[in-house]
Each structure stands twice: as structure tokens, then as C-alpha cells.
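Novice: here is a sequence with its predicted model. Questions after.
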4 protein chains.
Amino acid sequence: MGRPAGVSGADTLAAIRKAAIARIDRFGYEAMNLRDLAADVNIRVGSLYNHVPNKQEFLAGLLEDIMRELLADLDQQVAGLSDPEQCLLQFVRFHIAWHTARRAEVFIGNSELRSLSAPQYARVIALRRRYETYLRNLLLRGRKAGVWQFEDARVTTYALLAMLTGIAHWYRPDGRLSQARLIRLYEQMVQRLLKPGGTCSGSPRA
Amino acid sequence: MGRPAGVSGADTLAAIRKAAIARIDRFGYEAMNLRDLAADVNIRVGSLYNHVPNKQEFLAGLLEDIMRELLADLDQQVAGLSDPEQCLLQFVRFHIAWHTARRAEVFIGNSELRSLSAPQYARVIALRRRYETYLRNLLLRGRKAGVWQFEDARVTTYALLAMLTGIAHWYRPDGRLSQARLIRLYEQMVQRLLKPGGTCSGSPRA
Amino acid sequence: MGRPAGVSGADTLAAIRKAAIARIDRFGYEAMNLRDLAADVNIRVGSLYNHVPNKQEFLAGLLEDIMRELLADLDQQVAGLSDPEQCLLQFVRFHIAWHTARRAEVFIGNSELRSLSAPQYARVIALRRRYETYLRNLLLRGRKAGVWQFEDARVTTYALLAMLTGIAHWYRPDGRLSQARLIRLYEQMVQRLLKPGGTCSGSPRA
Amino acid sequence: MGRPAGVSGADTLAAIRKAAIARIDRFGYEAMNLRDLAADVNIRVGSLYNHVPNKQEFLAGLLEDIMRELLADLDQQVAGLSDPEQCLLQFVRFHIAWHTARRAEVFIGNSELRSLSAPQYARVIALRRRYETYLRNLLLRGRKAGVWQFEDARVTTYALLAMLTGIAHWYRPDGRLSQARLIRLYEQMVQRLLKPGGTCSGSPRA
DNA sequence: GATGAATGAGTGTTCATTCAT
DNA sequence: CATGAATGAACACTCATTCAT
């Protein structure tokens, strides 16, 4: 009943988080019950409360930390780069790498925002906005530099992010496509979408 | 207590569905409770069961009907068209119109698949695949005809759909952009993405 | 599972209240658990919530209604009387009758005030104050009329009420004393305590 | 972690008892949780068990010691006195002094008896009975000596004790009345209540 | 068709208690 | 002695579902 030999609280919390991400990814936050979650990490449900304040705060902390980690990783990945095209390539690679390696985190980070209370939601959304803003500013710099062309920066940002993030909905590590190939395909699409273009064909008007 | 004057069973079911879509959109299926749903349509929870078999089947029916309606509307919209470019323009317009007019339906149609039982899931996914397949075949016809260029049809389909469907995550009817403008912006992006092209610039070939 | 034949919600609620009064009297509010309470009235715990909003509000309503009933009964009992001595006799009789007949209600009405939230507490205390005030005003009228003598009205009121209410701590219907005798004993003590008197004697020193 | 400098075990236990008395007074024994109690004395809940065997025994010991202390203090206070009137004056002074100085102890000593197990209850009640018995015997001696008059010794004892103990329900050290005045008021009331009286008997005059 | 009352399984959470460190 | 981590039993409360009326 007392403390078992050789366990640390930090390890247990990490295990709880990992198990929670998997369960939320598969079933959703509401459908994840704490009894099963505790069983995943081989403790009893009451013991969870030695590590988390409650289910709701736990979710909020989880999502917030996922976003913080994403932002920190991005910062590190694009540190020192300034050329827009280089930055964008790096961004795409980073985004896809993260969204395939951390598919579940990304998925719940998008789908479970609605389960947050208003202030929790605000905190996470603020972080997510920083991510979006990075891309939007990048696009604006590229357009100013004349290397890209698009009409509406905000919509284009949303479109690119949706396109790239959508990967998390279908990607399987053991799937048909290697990660490298995936990156190449999306790099191409992004570039074509932004390339200043022979206004070209398409519909006469577009 | 008998049936109040002027209310037909079909009306009640329609009201229930409408209220459910709103609730699921906002809170998710698991978090929607039938007491509140009943209250939305001014009946008591027990009376719901005069209209729906149970919560789970109700959701499945809802999602399936949404998908069927989407497919039927698409069929009607592209009936008679054969030119790939024309078809695609029509598809984009239709998709955006539907996804803005029926934002909540679309949203829950994507987010609540995980709440379905395996056979229910299979039924809905089969329908959704028909929608994806329509676009993929369209892309293939266009490439064969030489009007578009892309590497992987499946990935391109996912990318386009994710891009277009993402609108449902941020669109607000009273927002900055008219629907017409929204359609124009996305038409452009889709065309640029597919336009055979000056392989040119960007990264040499990638 | 459905509604059993011939049961009315009001009856069930009355039974719940009665059982709760007995349990709170014996074990205290905190120690009364809803499973046992439900078992007392032969329903399952969830069904309690068809009749009460929650444990806390249930307690508050209970205590408030007990106080309201006490006050209503007192009003009725002393209606039409104006002579202070007659009023007081009536008050003592009424108080003892109520506190013996409704011993448990009285007991929890005094002991469980601390389990109320601040606003609930305020509501009940306001009612209780009306009861105290009735007696205090009565004492003041008697003193003005010269039939009683005492120094501090408030303290005397508290002393009399404590003395009379204390009965609820030891009275048993099957005990040594009849209710009639009990009333006579307390009437005497109250009268002696108030009787204007040879201030005198007693202890020369007091 | 070893013992912090300058803290002895006995001090900690005393602090725990003091904190417990305050918490039980305010919220009741059932509602006092050991985590909060530990926090009051700046230790963690597990450490409590270095000082007390368990919650229940802790309460029993607390109440028993309170009663023993009360009795010991009374013994000392009336030691050497034999005249009933003098004894009673001393008793009233002592009772009020103790019940105002140790209001919380007195309060929980009365209200938490129900939280004791049967044998624990028996032990404490035996002590309390000694207190009551002291007063009852005192009354009987006074009546035999002809200085007091009352009908039923037991009921009169209860009435006097209830009256005097009731102070603990409303007394506040910073209130309107000094302790000295409080004592004088109650002395008077007790004396009037016992004074052999003019007459009267029952009600003719009342 | 609608209702209120019932059910039972489950939910998150609390809490006294234990014990290796 | 103090601590953090564990336990298991209990708790109030929720909810989808049923059914006599």
C-alpha cells in the first residue's frame, strides 16, 4: 500500500501523459475514463490524483504543453534562417516530421480544444496562433520579396496549414509512403501553390 | 399526455436532429446528453425514444444521412459535366458552398466518426470514400488530358480535400470574407496547385 | 425499470425526507450517505435525484422547511393571545410539545447549520431569529407590564431557549416523565426565573 | 527527511490537537480531512500518523481529555468548599469561565459524541455524567438544607446545564458582554430559578 | 406521443491509511 | 520523524434507457 520501491513521480506522470494521449486519440477525451487510464500505467485510479489535479486540468496542461513543445521545436528548427524560401522548406519539413512522429498529439491538439474551459481554451489558442502567425509572416515576407504570389495571406495560411495538418488524419508509419517522399510531395504542392505564376490558364478569370 | 396540437412526428425528429447537430458540433457526441437535447425541442427525455432508437444509432443515422445528402447534392451539381476543369471548378464551388452552409454537419461528420461502432463506421466511411474517389478520378482524368500535373493522386486528393474542408474550422457567416470571395480564393489555389508548370523555380525539380 | 404502478413523486419525497431526518439525527449530515438513504425508501440512489437536486440543497431545504413549519405552528398556537403570561405559558407548552414530538427535526435544525453554505445558513438563521425574537418581545412586554423581572432581555431569551431546547438532547418518548409533567416542570422553572422578586436573598454576594 | 530543528514531538501533537479542535468546531469531525489538518501544522498527511494512531482514536482521545481536564479543573475549583450556595456560585463561575475560554472544546465535546464508537462513547459519557452528577448532588444537598426548592432534581440539573452550556453557542470574546457581567447575569438566573419561593406552585399566579 | 419515476452501470473525485525512502 | 506515492473503498452525482400511466 505504501510507496513501492524505485518509482519516481515524474516517471509516472510521463507514463500517464503518454497513455492519455493514446486514449484520447483513439476514443476522445470524454470517452477516456480514468480507471482505464490508471490501468494503462499500472496504478489504481485514486493514485492518478497524486500526479494530476483533475481530468480537465490534466487535459488543458497536456494540450498546452504539446503546443509549447511544438513551438519550441519550430523555433529551434528555423533558428538562424532568414531566406523565405529556405524557411518555408524548413517549415514544411518540420511540420510534416512533427505531424507524423507525433500524430496523436497533433490530432488531440486539434480535436479536443472544445473540451477546454474558456480560459484554458484561450491559453492554448494563443499558442496555436503563434504558430499560424509564424507561417503568415513568412508568406508575407516572401511575397514582399517577390518570390511568392497569393491574394489573401490569412486564407492562404489556413489553406496551407489545413493541407499539411490533414496528414495527421490518415498517415500511418507503416503506410505506402516514406516520410521522405511525403515531405517531397508536400514541398512541391506548397511551392506550386505559391509560385508567382503565369497568371495562366485555369479559368480565364481566376 | 397526448400529442400537442400541430406537431407531427416528423417535425419533432427534424427538430431533434437539428438540435443534436448543434450540440455535437459545440460539445461533441459524448458530451451531448439526451436530457439537454430533449429540452432543446421542448420534450422530456423519455419522449426522445419515440423518435430515435438510442443515442448511438441516432448518431450513426445522422452521420450517414449527412454523407448521403452531401453525395446526392454533389451528384446533382456535377450532373452532365464532363470537362475536368469545369468539373473541378464546380466541385470546389459546391464543396465550399456546402461546407460553409452546413458547417456543423461537416464538422461532426469528420470529428465523430470515432464514436461509431465498427459496422456503423464502415458504412459512413464507404460513403465518404465515394466523395474522395470522385475527386481522385477527376484529378486522374485531368492529368491524362494533360491539363493538370501532380505526382501522387491519392496524396493530392487528400491535400485538396483537407485544404477545402479546413474552411469548416474557421469560417463564420458573418466573417470578413463573402462566400463568393472565398470560393474565388480557393479556386485559384486549387488551380495553381494543379497547373502543369514551369517546373521552374522553387527547388529545381522537387 | 420504468415507473412502477401507483407511486407518486410527492409521497416518495416525503419518505426521503423522513428517512433523512432519522439518519442525520443519528449519524449527522456528513455521515449520511445517499445509498443508504435511498435504501430506506426502497429506491436506488440515482432515483433520489428525481426528487432532490443534490445532497446539500436537500439539507438546506429540509432545515428551512422545518423552521418554517415551526414558525407557522407557533403563529397558529399563539394567535389571538395578548396577555404576556398567557402567551408565555402557551409558548412553553408549544415549544416542549414540538421539541418532544419532533425531537429529531429540532436536533438537526440546531446541529447541522454548520453544514450549510453561507446563503443557505443565512436563510435558516433568519427564520430562527424570528422565533427568538418572538420570545424576546414577549419578555419585554411582560417586563414593561411589571409581571416579570430580568436584567438583560437577550441573554434571558437565550437562557430560556437553551433550557427548553435542551430537552431535545435527552427526551425519550418512553422515558420516566410524561409530556404533561415535563411541561409543568418547565413552566415552573420559567416562571420562577422571571418572577419579580425579593431580589434580595439569594446570595448576599451575587 | 529528518526532524526540523527545534520542533519536538510533543509540540507537534499539541499543535495537531489545537488545529483539530478548531476544524472540528467549524466543520465537524466528518468534514475535517487529515490533509488539511496536516497542512495546518505544516506537515504532510502521512506524518500525522507519527503522532496519532488514526482519525477515530484521535477524536476519542481528544474528547476524553477535554472531559478529564474539565473535571480536574472543576475539582480544583470547588475543593474545600462545602456550603451548597457557595459551591453553586463557584460552579456557575467555573462553568461559564470554562465554556467561554474553551468554547470550541466544549462545543465539540457535545456535538461530536455521535462520531464515537460505542466503547469510546461510553467512556466519554461516563465522564460527562460525573459532571452532571456533581451538580445534581449539589442541588440535592441544597434542597435538603432548605436553601433551594425544585421538584425534579434530574430535570432541574439538565435545565441548568443546558442554560449554562448554551452560552457556547453564541458567546464571542469580543461581544457585547464582559465575562464578569455574563457570570453575574447567569448567577442571578440560577438563583431565582432555585430560590424557595413565595408560594406559588404552578400557575395560579403565573 | 408525452410524461415522470425508476434503474444500474458508470463517472470523476475524495479520503484515511500504509510504507519504502 | 517527514515525505511522496500508493491503495481501495467509498462518495455524490450523471446518464442512457425503460415503462406504467
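Specialist: Received, thanks.
Novice: buried ones in the worst-scoring helix or strand of chain A on mean pLDDT?
Specialist: The weakest-scoring helix or strand in chain A, judged by mean pLDDT, DSSP states H and E, is helix A:167-170 (a mean of 92). Using 16 or more other C-beta atoms under 10 Å in any protein chain shown as the test for burial, helix A:167-170 gives A:167-169. C-beta coordinates here come from the backbone N, C-alpha and C atoms, glycine included.
Novice: mind checking if it is in reach of chain B?
Specialist: Yes - contact of helix A:167-170 with chain B (C-beta under 8 Å from any C-beta of the partner chain) involves A:167, A:169-170.
Novice: redo the buried residues of helix A:167-170 as JSON lines? Include distance to chain D.
Specialist: Compiled in JSON lines, the buried residues of helix A:167-170 are given as follows (distance: C-beta to the nearest C-beta, whole Å):
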{"residue": "A:Ile167", "distance to chain D": "46"}
{"residue": "A:Ala168", "distance to chain D": "41"}
{"residue": "A:His169", "distance to chain D": "44"}
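Novice: which strands and helices lie in contact with the following helix or strand past the least confident helix or strand of chain A?
Specialist: Reading on from helix A:167-170 to the C-terminus, the next helix or strand found by DSSP states H and E is helix A:179-194. Where contact means 3 or more C-beta pairs under 8 Å, 6 or more residues apart in numbering or on different chains; DSSP states H and E, helix A:179-194 is packed against helix A:84-101, helix A:153-165, helix B:153-165, helix B:179-194.
Novice: which ones are touching the spatially most central residue of chain A?
Specialist: The centroid of chain A falls nearest to A:Val106 when counting by C-alpha atoms, centre = their mean (3.7 Å). Neighbour list for A:Val106: A:66, A:98-99, A:165, A:168 [criterion: C-beta atoms under 8 Å, 6 or more residues apart in numbering or on different chains].
Novice: repeat the analysis, applying 10 Å as the threshold.
Specialist: By C-beta atoms under 10 Å, 6 or more residues apart in numbering or on different chains, the residues touching A:Val106 are A:25, A:66, A:70, A:95, A:98-100, A:165, A:167-169, A:171.
Novice: what's the neighbour count on A:Gly146?
Specialist: Residue neighbour count, defined by other C-beta atoms under 10 Å in any protein chain shown, stands at 9 for A:Gly146.
Novice: and it, helix, strand or coil?
Specialist: In three-state terms, and counting by DSSP: H, G, I helix; E, B strand; the rest coil, A:Gly146 is coil.
Novice: what distance do you get for it to A:Leu194?
Specialist: Counting by C-beta to C-beta, to the nearest Å, the separation of A:Gly146 from A:Leu194 is 12 Å.
Novice: which residues are common contacts for these two?
Specialist: Counting by C-beta under 10 Å, 6+ apart, the shared contacts of A:Gly146 and A:Leu194 are A:Pro84.
Novice: just checking, A:Lys59 touches A:Ser111?
Specialist: I think there's a mix-up here, since residue A:59 is Leu and not Lys. No - using C-beta atoms under 10 Å, A:Leu59 is not in contact with A:Ser111; the gap is 11.6 Å.
Novice: which residues are in contact with both of those two?
Specialist: A:24, A:29.
Novice: for those two, indicate the residue with more neighbours.
Specialist: Using other C-beta under 10 Å as the criterion, A:Leu59 and A:Ser111 rank with A:Leu59 on top: 23 against 19.
Novice: for stretch A:139-146, buried residues please.
Specialist: Using 16+ other C-beta under 10 Å as the test for burial, stretch A:139-146 gives A:139-143.
Novice: ok, stretch A:66-83 next?
Specialist: By neighbour count on 16+ other C-beta under 10 Å, the buried set for stretch A:66-83 is A:66-67, A:70, A:74, A:77-78.
Novice: equivalent analysis for stretch A:32-49, please.
Specialist: Along stretch A:32-49, these residues count as buried under the neighbour rule (16+ other C-beta under 10 Å): A:32, A:34, A:37-38, A:41, A:43, A:48.
Novice: how about stretch A:113-121?
Specialist: For stretch A:113-121, burial by neighbour count (16+ other C-beta under 10 Å) applies to A:115-116, A:120.
Novice: mean confidence for it?
Specialist: Averaged across stretch A:113-121, the pLDDT comes to 96.
Novice: any part of that stretch near chain B?
Specialist: Yes - on the criterion C-beta under 10 Å from any C-beta of the partner chain, stretch A:113-121 is in touch with chain B at A:114-115.
Novice: how far does that stretch sit from the chain's center?
Specialist: On the basis of C-alpha atoms, centre = their mean, to the nearest Å, stretch A:113-121 sits 17 Å off its chain's mean C-alpha point.
Novice: relative to chain C, how far out is A:Ala122?
Specialist: 30 Å (C-beta to the nearest C-beta, to the nearest Å).
Novice: show me what contacts that residue?
Specialist: Counting by C-beta under 10 Å, 6+ apart, A:Ala122 has contacts A:Leu116.
Novice: ok, A:Ala159 next?
Specialist: A:Ala159 makes contacts with A:150, A:152, A:193, B:159-160, B:162-164, B:166-167, B:185-186, B:189-190, B:193, as judged by C-beta under 10 Å, 6+ apart.
Novice: so which of the residues you listed is the most crowded?
Specialist: B:Leu160 leads these on contacts (other C-beta under 10 Å) with 29 neighbours.
Novice: rewinding a little: tabulate the helices and strands packed on helix A:179-194 (JSON lines), appending distance to DNA strand E and mean pLDDT.
Specialist: Compiled in JSON lines, the helices and strands packed on helix A:179-194 are given as follows (distance: least, C-beta to the nearest atom of the strand, whole Å; pLDDT from 0 to 100):
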{"stretch": "helix A:84-101", "distance to DNA strand E": "27", "mean pLDDT": "96"}
{"stretch": "helix A:153-165", "distance to DNA strand E": "27", "mean pLDDT": "97"}
{"stretch": "helix B:153-165", "distance to DNA strand E": "30", "mean pLDDT": "97"}
{"stretch": "helix B:179-194", "distance to DNA strand E": "36", "mean pLDDT": "96"}
